[in-house]
Structure formats: C-alpha cells, structure tokens
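Let me see the structure of the following:
(4 chains)
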There are 4 protein chains.
Amino acid sequence: MTSTTVEPLVAAIASGIEVFDLGRPLTVGMPQSPNHPAYWHALPRRHGDMVRSDGGSAANDIISMGTHVGTHVDALAHVSHDGKLFGGLDANQALTGGRYEQLGAHTIEPMVCRGVLLDVPAALGTPEGCEPGYEITAADLEATVARQGVEPCAGDVVLIRSGWGRHFEEGAPYIGRDSGVPGVGEEGARWLADRQVRAAGADTIAFECLKPGAGHAVLPAHRVLLVETGIYIIEAMALEELAAAGVHEFLFVLSPLPLFGATGSPARPLAVVRRG
Amino acid sequence: MTSTTVEPLVAAIASGIEVFDLGRPLTVGMPQSPNHPAYWHALPRRHGDMVRSDGGSAANDIISMGTHVGTHVDALAHVSHDGKLFGGLDANQALTGGRYEQLGAHTIEPMVCRGVLLDVPAALGTPEGCEPGYEITAADLEATVARQGVEPCAGDVVLIRSGWGRHFEEGAPYIGRDSGVPGVGEEGARWLADRQVRAAGADTIAFECLKPGAGHAVLPAHRVLLVETGIYIIEAMALEELAAAGVHEFLFVLSPLPLFGATGSPARPLAVVRRG
Amino acid sequence: MTSTTVEPLVAAIASGIEVFDLGRPLTVGMPQSPNHPAYWHALPRRHGDMVRSDGGSAANDIISMGTHVGTHVDALAHVSHDGKLFGGLDANQALTGGRYEQLGAHTIEPMVCRGVLLDVPAALGTPEGCEPGYEITAADLEATVARQGVEPCAGDVVLIRSGWGRHFEEGAPYIGRDSGVPGVGEEGARWLADRQVRAAGADTIAFECLKPGAGHAVLPAHRVLLVETGIYIIEAMALEELAAAGVHEFLFVLSPLPLFGATGSPARPLAVVRRG
Amino acid sequence: MTSTTVEPLVAAIASGIEVFDLGRPLTVGMPQSPNHPAYWHALPRRHGDMVRSDGGSAANDIISMGTHVGTHVDALAHVSHDGKLFGGLDANQALTGGRYEQLGAHTIEPMVCRGVLLDVPAALGTPEGCEPGYEITAADLEATVARQGVEPCAGDVVLIRSGWGRHFEEGAPYIGRDSGVPGVGEEGARWLADRQVRAAGADTIAFECLKPGAGHAVLPAHRVLLVETGIYIIEAMALEELAAAGVHEFLFVLSPLPLFGATGSPARPLAVVRRG
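Numbering: from 1, shown residues only, chains lettered A, B, ... in the order given. Modelled structure (predicted):
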C-alpha cells in the first residue's frame, strides 16, 4: 500500500456516512436479567480528590458487572445442552484454568459485514410494536422480507425489531417477567439458522419470545442458535432509530470486548450507511 | 432506501476486506496501570453447576475492573488541569449524581473514519521499536509521514507505533516503571493537536514518553490532548500486525462502551482495508 | 501477666458458654436494599483448575458488594443532614482522597459490651411478630423493658426484635416495599438516644418503621441516631433464636471490618451467655 | 433468665476490660497476595450527590475484593491435596451450585475461646522480629512456651508472632517475594496440629515460612493444618500491640463473615483481657 493509492473504504466514507448507534448507554439501575450480576459503576477518585503540584488531576472508575448487561452479545460458551456446547464440544473440556478458552467471548471475531434489519411490526401493520408475549413466526419473517425487499444472506447479521425496545427506559416492564415479551421462538430461530446468518439480534433482553409469567428459564432459540448452529445472539439492542429512518440494509459493525474465557460481552454495535 | 439500491458500503465490502484487530484480549493478570482497579473475571456459574430438567444449562460471568484496562480509550472527563476539564468546564460541575454526565465515556461518539498508522521505528531505522524512554519528537513524526507518504488530516485517528507493544506479553516490563517507555512528549502531542486529529493512539500503556523511573505521575501529552484540545487518547493498542502488513491508511472503527459518566472505556478498535 | 494468673475472662468461659450467631449468611440473591450494590460471589479458581505438581491446589474467590449487605452496621459517615454529619462535621470535610477518613467504618471500635434484647412482639402479645408497617412506640419499648425486667443502660447495645426476620428467607417480602415493615420511628429512636446506648439493632433491613408503599426514602431514626446522637445502627440481624431461648441480657460482640473510609460494614454479631 | 440473675459474662466485663484489635484496616493499595483479587473500595454516592428535599443524604459504597485480603481466615475449602479437602472430602463433591457448600467460609463457627500468643522473637532474643525466611522450629515454639509459662491446649487459638508485621505499612516488602518471610514450616505446623488447636494465626501474609525467592507456591503448613487436621489459619494479623503489652493469654474472638461457599473471609479478630 502506497500513498498514491487511496484505500477504497476510506474513499467510500469520504463522501459522507451516517452512523446509527445500536447500543444502549450502560447506567446503574438499567433493566437487566436477574441471572447476571448487575452493572455498577463508581468513581474511586474524582477530580479534586488528589491534585498534583502541577495542577493536574485524574479521575478513575471501578466497574462491577456481569457480561450480559446492556446491549451485549452471547458467546457460544454461554449455553450448553446435555453437557455439550456448539460442535458437540464437552462443556468441561472447553475450560482451561477455570475459563472458557474454547468458545469464550475472546473467540468472537469482529463483525464488519452486511446487516439487515427486519422490521416485523411494520410488516404486521402494528408499527409501534408487537404485543407482549407475541411469538414472531417464520411466516412473519417471510412477510417482512417480502415487504422490505431485502433478503438476508449467509454471513449477514440479522436484526429483528419487535418494537419492545421502547420499554427500555421504563425499567422492570422491559424485562417483562409478568407481561411476557415478543420475539421469535424455536421456529423463527430455525428460519434464521437455515439462512446461515452469522449473528441474530433483537431489541429485547432475551432475544426470544417469553410467554407471560414464563420467566427466562426455557429458551429454545438459544439452543437452536448458540448450541446447534453456532450463531451469535445480540440482545437489548436500540433499533428504533434505525427503523424510523427506514434503513433495512447497512454495514454492520460489532467489535465485542475480547474478554478471555467469558460467556458474552457488552458491546456497542453500529449500522453504517452512506448518504448521497 | 429500497431493495433495488444496494447500500454502497455493503458493496464496498462485498469484494473482500481484511480486518485488523487492534485490541488486546482482556485476561486476568495482564499488565495495566496500578492507578486503576485490575481486571478480574470469574464464572459464578459453569455448565453443570445448575442443569435444567430439559438438559439446558447457562454459564455466566462477573467482571470487576477499572475502565483503563486492556486496550482502552480515555474520555475527556479523565484528566483536569487547575480544576478544569476540556473547554474550561469546571470538573465539579461536570458531575451529576456522582458521575461525569458531561464529557464521560458515554459522550464519545463511535468512530468510523480514516485512520493513519505512523510507524515511527520503521522511519527511524530501528524497526523493532524505539528505545525505552525515547521521546518521539515532532521531527520524528514528520520523517515518518514523509517516508510513508500518508498525511494525517483533520478528523483522522492517528496511531503511533513505538514498537513497545512487543513487551505486552511479558507483563511488568510493559509498564516500564523502571526502564521507561517510548512515546511522544508535549511536543509530539502539540504536533497531533495542530493537525486537529480526532483521536491519537499508541501501543503503550500511557501513550506518552515515560522517562526511566519517572512513573506515571506527570503526563503532559494528556494535558495537551484531553484538556486543551479535546482529542481522545487510545492506549495499549496492538499495532504490530498492522505495521508488519505495511498498512498505513485504513478505515478505523472504534465503538467504546457507552459507560455513563465514566472516565474511559475498554474497547476493541479495528483497522479495515479492502483487498483486491 | 504471668502464667500463675489465669486471665479471668478465660476462666469465665471455661465453665461453658453458649454463642448465638446474630449474623445471616451472605448468599447471592439474598434480600437487600436496592440502594446498594448487591452481594455477588464467584470462584475464579476451583480445585482442579490448576493443580501443582505436588498435588496441591487452592481455590479462591472474588466478591463484589455494597457495604450495607447482609447483617451490617452503619458507620456515622453513612447519613448526613443539611450537609452535616454527626457532631456537625461538614460532610465534604470528612473526605480525604475520596473516602470518609472521618466517621468511616474503620472508626467503629469493636464492641465487647453488655447487650440487651427487647422482644417487643412478645411483650405486645403477638409473639410471632409485629404487623407490617407497625410503628414501635416508646410505650411499647417501656412495656417490653417492664416485662423482661432488663433495663438498657448507657453504653449498652440494644437489639429490637420485631419478628420481621422470619421473612428473610422469602426474599422480596423481607424488603417490604409494598407491605411496609415494622420498627421504631422517630419517637422510638429518641427513646434509645435518651438511654445513651452505643448501638441499636433490629431484625429488619432498614431498622425503622416503613409505612406501606413509602419505600426507603425518609428515615427519621437514622437522622436521630446516626446524625444527632452518634449511635450506630445494626440491620438485618438474626434475632429469632436468641428470642426463642429467652435470652434478654448477654455479652454482645461486634467486630466490623475496618473498611477504610466506607459508610458501613457487613458483620457477624454475637451474643454470648454462660451456662451453668 | 430473669432480671434478678445478672449474666456472669456481663458481670465479668463490668469491672473493666481491654480490647486489642488484631485486624488491620482494609485500604486500597494495602499489601496482599497477588493470587487474590485486590481490595478496592469506592463511593458511588457521596453526600451532596443526591440530597432529599428534607435535607437528608446518604452515601454508599462498592467493594470488590478477594476473600484473602487484609487480616483474614482461611476456610477449609481453600486448599486441597490430590483432589481431597479435609476429611477426605472430594473437592468437586463439596461444590453445590458452583460454591463450596461444604467447608466454605460460612461453616466456620464464631470463635469465642482461649487465645495464646507465642512471642517467638522475644523468646529467641531478637524481640524486633525473626530474620526474613527464618523457619520457626518446634524447638522454638517449645522455648517460647517455656519462657512464657502459658501452654496451648486443645481448642485454643494460637497466634505466632514473628515480628514481620512491622513491615505491613511498607507494602511490597511485607509480601517478601524476594526477601523471604519468617514463619513455621511443616514441623511447626505439626507441633500445632499435635496440640489440637482450633486455629493458628500469624502476623504474615502466608502464615508459613517463605524462603527467599520461593514465592507462595509450596505451602506445607497449609496442607498440614487445612487439609490434614482441619485447623483454620488466620493471616496478616496485627500482633505488635498485644506483644508489647506482654499479653500471652486472652479471650480470643473471631467472627468471620459467613460468606456462603467462599474459601475464606476477611475478619477483625480481637483479644480481650480483664484489667484489675
């Protein structure tokens, strides 16, 4: 590479891009699954606590959290079935020194690829969002593709909007323990798996359909995607702005923290489009 | 946007890209500044600890850490001088509810822009790396630009390779408390500031030149960049692979965690180039 | 002290003592105030993760928590009123380096003193426990003293049983956000303050009466005890066994962790009596 | 128990006691074993961050730590040999839900018993303290008993002063990785085991003799005490004041936090004597 050849991707962004932030701010008290340690942040040192003689001062932080907090991606090490992880790997053998050296979050390659948004409630004629506990079927996904005219392909990341993200700021209702939460079930997960997508995301905390009162115990889409087909799941995404802009195809970027041996990572996914 | 128009960025990546991972894996015991809480990770639950009746099991994590761990970006709230943050903002007034609502890590916009690598030791004829404690001067940066033929522009992210990153795996030597660490000083920081870059990164833990035995107390480049000019600093980057590939211009992507009110965020920056 | 004189306290215990454990086990998921980081524990290393060549192995832990978790004591630095801590100390001036050097948990002297249990529901004729939200009055405390025949004196630690501790294992009901929780109000706190006790404890999470739906926002007993009179508060104690044994006077021992600059400490208080 | 019978222990303390605090303050940056997560403390909320309309304000904390920090006690679940814990218990079978339900820190009964200080350097004629790396032999322990005239008995807690505690404030030297640290070896541990003590403590970080440069890998006294005989180990105690006062026999109190399933607990042990 020399100075005379401008990098084509740089040229592609030079004429103007728009970046949609699909990650939610991490704040103390935000809604999250009770199965994981809550996100906490504090400043052990604020400016003014210790000032150097030259007038300089640095503030710093401490964070305690699970990895499935805020917008996050599940590593394949997260879920097992009958003691097996993806690829039939024995879950105990995936451990080295007490961490999942195999299939841990550090093994998730950065995603820089085509992304497709499936705006399901728009296709279903309920643009505000699906009902609590509604199961998004394969037919719903097909109808959405047909309406949008953008087909998911192998290797894409597919984001399924249910509209539930509008409850995020409300706290407990977003978790939906009593009300239920809309999303795909086993059928929808298989539809995604058949398309050989690289990852699948949603605007809900558990990605999949939760029936009212059912809690977070039985999660068939996690089994289909994480265990059976090796497809990453991205949860608690902010998809409203992207949907409102009518963007259904984009450059998707997800660069999760390479947390060695962990079962997931908080992340801030991006959708990038070129304007003009 | 309709199905008949393929998103140009998607088309640009369709012909093949290469992604360089500029972030280091986060591991317990990795070298880091003693000024910040160390990175710790544990699995409160492993597969097998609790298995549901249907054979399913989920493992999960707890993480405790500072925000300036592993590869990370400094928010503008990190450093103050004479009680003032960037823009003359009073450091106490930047606080809301005990967190830096102003200039905190959540205010760092995702970076999807041109990136430039300045391979300083290659230009200085010591490709392995600069000597411990060596101060990279403005003349060195100019010589590097001249050799590479790639000029940093306003809004770019500039990554300065010192070669020190090859010590990362060694642990304590990477910190360089006794030996010193190469990097820019106040002069080099002003050179960057004059070019109005958006962010500046390095393959060292403190970004700037540390003289032998000087410790991490006096950091003039942090003052110039974070406090005086509002330029983000990215530390502990993995730049060896990018340099070895001779890539000096690329699409740079950095999507830090939007940690509300924090002084920085661990991150996994990417350099993307198109091949063919 | 020589070998010929046996320490009298040692002689006193030699004839047989009974130790009542007034602290609750710290477990992940136990009920606690949402104002404080929840207690989390994990084993970063289990036996078998790393075994030395000689067959030895050590397991270890990581804990993340607030300090007001499980059975715990409030330091005087915990609560302020109009910017003042106990003794009129300016709350900001109590800080050194970002921690409460003055009145922090490390300033709580170990307590080895007389303890008195006031079994209020027994005196009120409802031995199972007071009703949710019931305010224990000064008259109730007097009636309890009269029934028991054990008078609190200056320097004693007084433990007030409400009976609410029987809900601890139930989780959320113990917090009583909706139902309310029995306890003293401002009047009962003044009764304790008038007796110049050293510390006051209860079997509830907030020590004081919480009216149904009122939450944990207004806590007059905290103001009276912590701010106005410098009396420590001990919360979430296990008092049922002590009450069932009919023990109303005992050697009380509380040795909180000397957490430098913290606002409280988890602790395991003991009541010791001599039998025979 | 009625009002007419004063509790004898209360009577015993009424004539005046002296309490020696054998625990060290927990401070950020204090010396500790690198095998365990370091102690960190921060105030997520200080007074003034959020003030209620009535003028009240509460500050709170977050703590992240291992359990073997500061003065602490090792649970029997801490060390295994050939996969077995104390009593031949299989280390994996001791786990329930990912925590050591058997032999974890919550199974340590509070200690209210006779305590004996063995002031070894005083007996050896080097009252300041033993040399770095010095192994305290059975003969040394016998000589100390003979000099003091206070014999340890079954069920006692025996505290072995090496004098090393005077280095605690110095930080790294206290760990003694290069210099070595004085303490008992396997022989001294067997001497303690033969006396059937309940627990054994020391003023060092690892309890036992560390030869210069040997690190903390091979710990025979831990095997003898924790694995073979079920005797608790207490580390990093503050014994200087007790020794200076010439107190060799006392009421010992240790009430560790009942951390469910953990391998140890920070604690603040006390030595109580009656004066006059």
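
Now do residue A:241 against residue C:11, distance only.
76 Å (CB to CB, to the nearest Å). C-beta coordinates here come from the backbone N, C-alpha and C atoms, glycine included.

again, but for residue A:170
Residue A:170 is 64 Å from residue C:11, by CB to CB.

Residue A:81 too?
Taking CB to CB, one finds residue A:81 at 63 Å from residue C:11.

before we move on, what about residue A:143?
Taking CB to CB, one finds residue A:143 at 86 Å from residue C:11.

Of residue A:170 and residue C:11, which one has the most company?
Higher neighbour count among residue A:170 and residue C:11: residue C:11, with 14 against 10, using other CB atoms under 10 Å in any protein chain shown.

SS state for the more buried one?
helix (DSSP: H, G, I helix; E, B strand; the rest coil).

what's near enough to touch it?
Contacts of residue C:11 were listed using CB atoms under 8 Å, 6 or more residues apart in numbering or on different chains, and none were found.

Do you know the pLDDT at it?
We have a pLDDT of 90 for residue C:11.

next one: residue A:218
Residue A:218 carries a pLDDT value of 79.

Spatially nearest residue to it (excluding sequence neighbours)?
residue B:54 (6.7 Å; CB to CB, 6 or more residues apart in numbering or on different chains).

So residue A:189: helix, strand or coil?
helix.

That one contacts residue A:202, doesn't it?
No - between residue A:189 and residue A:202 there is no contact, the gap being 11.1 Å when judged by CB atoms under 8 Å.

if I look at these two, which residues touch both of them?
With CB under 8 Å, 6+ apart as the test, residue A:189 and residue A:202 both reach residue A:208.

Surely residue A:225 forms part of a helix?
Yes - assessed with three-state DSSP, residue A:225 lies in a helix.

So the closest residue to residue A:93 other than its chain neighbours versus residue A:263, what's the distance?
Nearest non-adjacent residue to residue A:93, counting by CB to CB, 6+ apart: residue A:102, 7.6 Å away. To residue A:263, residue A:102 is 12 Å away according to CB to CB.

cool, residue A:34 as well?
For residue A:34, the distance to residue A:263 - CB to CB - is 16 Å.

more crowded one of the two?
Set residue A:34 next to residue A:263 and count neighbours by other CB under 10 Å: residue A:263 wins out with 29 against 12.

Can you report phi and psi for that one?
phi -100, psi 0 (degrees, to the nearest 10).

what's near enough to touch it?
So residue A:263 contacts A:67-68, A:74-75, A:77-78, A:100, A:104-105, B:43, B:58-61 (CB under 8 Å, 6+ apart).

now, which of those lie close to chain C?
residue B:43 (CB under 8 Å from any CB of the partner chain).

just curious, which of the contacts of residue A:263 is nearest to chain C?
Minimum distance to chain C across the contacts of residue A:263 is 6.4 Å, recorded for residue B:43 (CB to the nearest CB).

Hmm, residue A:99 and the closest one touching each other?
Yes - counting by CB under 8 Å, residue A:99 is a contact partner of residue B:43 at 6.9 Å.

Any idea how many residues pack against the residue nearest to residue A:218?
12.

what kind of secondary structure is it in?
Looking at residue B:54 with three-state DSSP, the answer is coil.

Kindly report the same for the one 3 residues further on.
Under the three-state scheme (three-state DSSP), the conformation of residue B:57 reads as strand.

Give the residues shared as contacts by residue A:102 and residue A:263.
In contact with both residue A:102 and residue A:263: residue A:77, using CB under 8 Å, 6+ apart.

and residue A:251, what is it in contact with?
Counting by CB under 8 Å, 6+ apart, residue A:251 has contacts A:112, A:113, A:114, A:115, A:271, A:272, A:273, B:7, B:9, B:10, B:13.

quick one: secondary structure of the third one?
Following three-state DSSP, the label given to residue A:114 is strand.
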